[in-house]
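K.L.:
Quick one: sequence plus predicted model below, questions after.
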Amino acid sequence: MNPDPGGSVENEVAELRRRVALIEGALRVRGVVLEDGMTWLPPGPPAAARPPTAPTAPQTRDAAEAPVGQRSPASAPAAYAPPQAPLPRPLFASSSAAAPPDGRTLENRIGSQWFNRIGILAVLIAMAWFLKLAIDNHWIGPLGRVLIGLVAGAALIAWSERFRNRGYAVFSYSLKAIGSGTLYLSLWAAFSLYQLLPSGVAFAAMILITAFNGYMAWVQDAELLALYAIVGGLSTPLLISTGENHEVALFSYLLLLDLAVLVLVALKPWSRLLFAAFMGTVLLFIGWGSEFYTDAQFARTSFFLACFFLIFAFAPRLVRVKEDDTAGIHGWDALALGLLPAANAALGFIGFYGMLDRPDTQWASPWLAVAFAAFYLLLLRLPARGRLHAAPALLDSLHLAAAVVFLTLAIPLKAHDRWLTIGWLVEGAALLWVAARVTSRLLRALALACLALGLVALLSVNPPASATPIFNQRFATYCVAIAVFAFLAWLAVQPHEHEDADYAQAWGVIAAAATITVNALILIAVSMEIHAFWWVRHWSGNWREFEQHRMYAQFSYSAWFMLFGAILLAVGFWRRSAFLRWQALVLLAVSVVKVFLFDVSQLSQGYRILSFLGLGVLLLAVSFVYQRDWLNLRGVKPAGSEDGLSA
């Protein structure tokens, strides 16, 4: 018996399969679409280099002669499924080929996208120059020029379907864009240049082109075609413009276009269409308003502006994001859920506020801000759809922030002077209380921003000094601020639900800052009343009494600083709070510096003696308390000392 050395028949079959696989791979690289059911396995190592394997049952003739793509995995030898390596992707991939990788190279983007768009623009410019050349040389009459443009545009659109059927979808969309642009330009020339068509007919024809592109985008599931349709639809009012005011027709058309976009983004994951529609609507509205708007059109314009605002306010709640987006919401979807709502809120409010900025309607501006805040609070109760259930915090946070911003904006639009300060402070306190109840970090940050605005207003926007000490508007405003920040300090030290380490640490910082603010405001408020008592109530403006009143005021400041420092230190000992005691020590240090460096030269001998005597007695008392260590601040007392003093 002569055994077959190396299995020559099996080796020949394996070599044949390897060569067929190489041929199929080369065909796919060149964009050739294979028949259904045909697959390709990358070539493996030569049969001679294959390690010996255990003998297996011989294959049947049917299995051996079956096509490569139809064999079962069990029938194929193990040596012909090596690790697959990526192949170069053709420039125009067929529809049946695998999807392109997510991370496209710069070369691929330049070749397939940038050059494509530049080519579309170049062809449109060339056609426009050709029309101009034909007009200048009188080669073709007006009607012939328009007909040639219409026929050429329609032919390009029809020709593009041939490329799409062959698998070149992107190139097909480019031809459709050129054809649609040619149709728009031809209709524009027929209406504007040659007056061959009335405006109504040209407008209807352009609407049909836009509708056709939208229909093709829906049928072919092509977002790029839908984008072309939106751009063409937004360009239509500009192309048929006669320079006259047609507000109702223009805005009604834009409303229908925006509603169509809203339906598309609710049914398809085409979120970037929202940006095209939003930007086009904003630009057209601003352009019309700067040219034609008058106060007599207030009611009609407000209605259309409200409709536009509502469409783009609800759109982020209805938009469908990409189902295969497993890495979270990002890209155009993130912008649709983040940037668009903020821009819509800001521009909507600015539009209404600009129309209300008249002497007879200015009273409504603060109520407009309140209405916007109430609207965004209502949006918080609407559920999100689709993938948005996985990340509802994004829209909710934006709507909550918008509501707080509009409420904060309503205060300066309505209130002035002390009521402006009180409004911001009370709003901040209320928001912080709600933030503690619902455990919202965003709401807490917005509340702190309101409190910061109120504090700045308190220190900069104040009623004038009053001759009546204590019982005046300015001191009452400071009392409200002190109460608000005391409430803030109390709220910060309360236990909060779902509290983690970072959350508790943030509340600790808030409690410390609020406590310092309370003490500083008490110090400032009383100091301002001391100033008003000596300079507003008792000084008549006689400069001979200036030095005397200044001496009285400086002595009162020193006495108040020392008294408040002593009170603060006593409270620190009583509450066993080192934080309060350190504040008291800092204030006493300031009193020491003032007495030794300022009061020596400013006060008379009698007041100087009282100032130094009071400071000395206070410091000795503080020293005695610390040396006695009644609160056992030093820990264990040293042995052999009865009263805690060292020997």
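P.N.:
Received, thanks.

K.L.:
Only the buried residues of the host helix or strand of residue 174, if you could.
P.N.:
Assigned by DSSP states H and E, residue 174 belongs to helix 169-188. Under the neighbour-count criterion of 16 or more other CB atoms under 10 Å, helix 169-188 has 169-188 buried. Just so you know, the C-beta spots here come from the backbone N, C-alpha and C atoms, and that holds for glycine as well.

K.L.:
next SSE after it?
P.N.:
Scanning forward in sequence from helix 169-188 by DSSP H and E, the next helix or strand is helix 199-220.

K.L.:
what helices or strands is that following helix leaning on?
P.N.:
Applying 3 or more CB pairs under 8 Å, 6 or more residues apart in numbering; DSSP states H and E, we find helix 199-220 packed against helix 169-188, helix 223-239, helix 247-267.

K.L.:
got the angle between the shortest one and helix 199-220?
P.N.:
Relative orientation of helix 223-239 versus helix 199-220 (axes from the mean of the first three to the mean of the last three CA atoms, to 10 degrees): 170 degrees.

K.L.:
what's the model's confidence in helix 223-239, averaged?
P.N.:
In this model, helix 223-239 carries a mean pLDDT of 90.

K.L.:
what's it packed up against?
P.N.:
helix 169-188, helix 199-220, helix 247-267, helix 272-292.

K.L.:
I'd like to know which elements the helix ranked longest in the chain is packed against.
P.N.:
Longest helix in the chain, counting residues (DSSP state H): helix 501-532. Applying 3+ CB pairs under 8 Å, 6+ apart, we find helix 501-532 packed against helix 441-460, helix 473-492, helix 546-574, helix 578-594.

K.L.:
Compare the mean pLDDT across the ones you listed and name the weakest.
P.N.:
Ranked on mean pLDDT, the bottom entry among those is helix 546-574, at a mean of 82.

K.L.:
Next, the buried residues of it.
P.N.:
Here helix 546-574 shows 549, 551-562, 564-566, 568-569, 572-573 as buried, counting by 16+ other CB under 10 Å.

K.L.:
for that helix, packing partners?
P.N.:
Using 3+ CB pairs under 8 Å, 6+ apart as the contact test, the elements touching helix 546-574 are helix 501-532, helix 578-594, helix 600-602, helix 605-628.

K.L.:
now the ones you listed in a markdown table, with mean neighbour count and distance to residue 148?
P.N.:
Formatted as a markdown table, the helices and strands packed on helix 546-574 follow (neighbours: other CB atoms under 10 Å; distance: least, CB to CB, whole Å):
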| stretch | mean neighbour count | distance to residue 148 |
| --- | --- | --- |
| helix 501-532 | 17 | 70 |
| helix 578-594 | 17 | 86 |
| helix 600-602 | 12 | 96 |
| helix 605-628 | 14 | 100 |
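
K.L.:
Lowest average pLDDT across these?
P.N.:
helix 600-602 (a mean of 68).

K.L.:
returning to that earlier point: would you single out the least confident of the helices and strands packed on helix 199-220?
P.N.:
helix 169-188 has the lowest average pLDDT among the helices and strands packed on helix 199-220, namely a mean of 83.

K.L.:
Next, the angle helix 223-239 makes with it.
P.N.:
Using the same axes, to 10 degrees: helix 169-188 against helix 223-239 is 10 degrees.

K.L.:
Dump the C-alpha coordinates for helix 169-188 into PDB.
P.N.:
Extracted in PDB, the C-alpha atoms of helix 169-188 (Å, rounded to 0.1, in the frame of the first residue of the first chain):
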ATOM      1  CA  ALA A 169     -25.400  56.300  -2.900                       C
ATOM      2  CA  VAL A 170     -23.300  59.300  -1.800                       C
ATOM      3  CA  PHE A 171     -22.400  60.200  -5.400                       C
ATOM      4  CA  SER A 172     -26.100  59.900  -6.300                       C
ATOM      5  CA  TYR A 173     -27.000  62.300  -3.600                       C
ATOM      6  CA  SER A 174     -24.500  64.800  -5.000                       C
ATOM      7  CA  LEU A 175     -26.000  64.600  -8.400                       C
ATOM      8  CA  LYS A 176     -29.500  65.200  -6.900                       C
ATOM      9  CA  ALA A 177     -28.100  68.300  -5.100                       C
ATOM     10  CA  ILE A 178     -26.800  69.700  -8.400                       C
ATOM     11  CA  GLY A 179     -30.000  68.900 -10.200                       C
ATOM     12  CA  SER A 180     -32.200  70.400  -7.500                       C
ATOM     13  CA  GLY A 181     -30.000  73.500  -7.400                       C
ATOM     14  CA  THR A 182     -30.300  73.900 -11.200                       C
ATOM     15  CA  LEU A 183     -34.100  73.600 -10.900                       C
ATOM     16  CA  TYR A 184     -34.200  76.300  -8.200                       C
ATOM     17  CA  LEU A 185     -31.900  78.600 -10.200                       C
ATOM     18  CA  SER A 186     -33.900  78.100 -13.400                       C
ATOM     19  CA  LEU A 187     -37.200  79.000 -11.700                       C
ATOM     20  CA  TRP A 188     -35.600  82.000 -10.100                       C
END
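
K.L.:
now it, how far from the centre of its chain.
P.N.:
34 Å (CA atoms, centre = their mean, to the nearest Å).

K.L.:
what packs against that helix?
P.N.:
When contacts are defined as 3+ CB pairs under 8 Å, 6+ apart, helix 169-188 sits against helix 115-137, helix 142-165, helix 199-220, helix 223-239.

K.L.:
Compare those helices and say which comes out lowest on pLDDT.
P.N.:
helix 115-137 (a mean of 68).

K.L.:
List the residues that contact residue 213.
P.N.:
176, 180, 225-226, 228-229, 232 (CB atoms under 8 Å, 6 or more residues apart in numbering).

K.L.:
ok, and the most crowded of the residues you listed?
P.N.:
In terms of neighbour count, residue 176 stands highest of the contacts of residue 213 at 30 neighbours, by other CB atoms under 10 Å.
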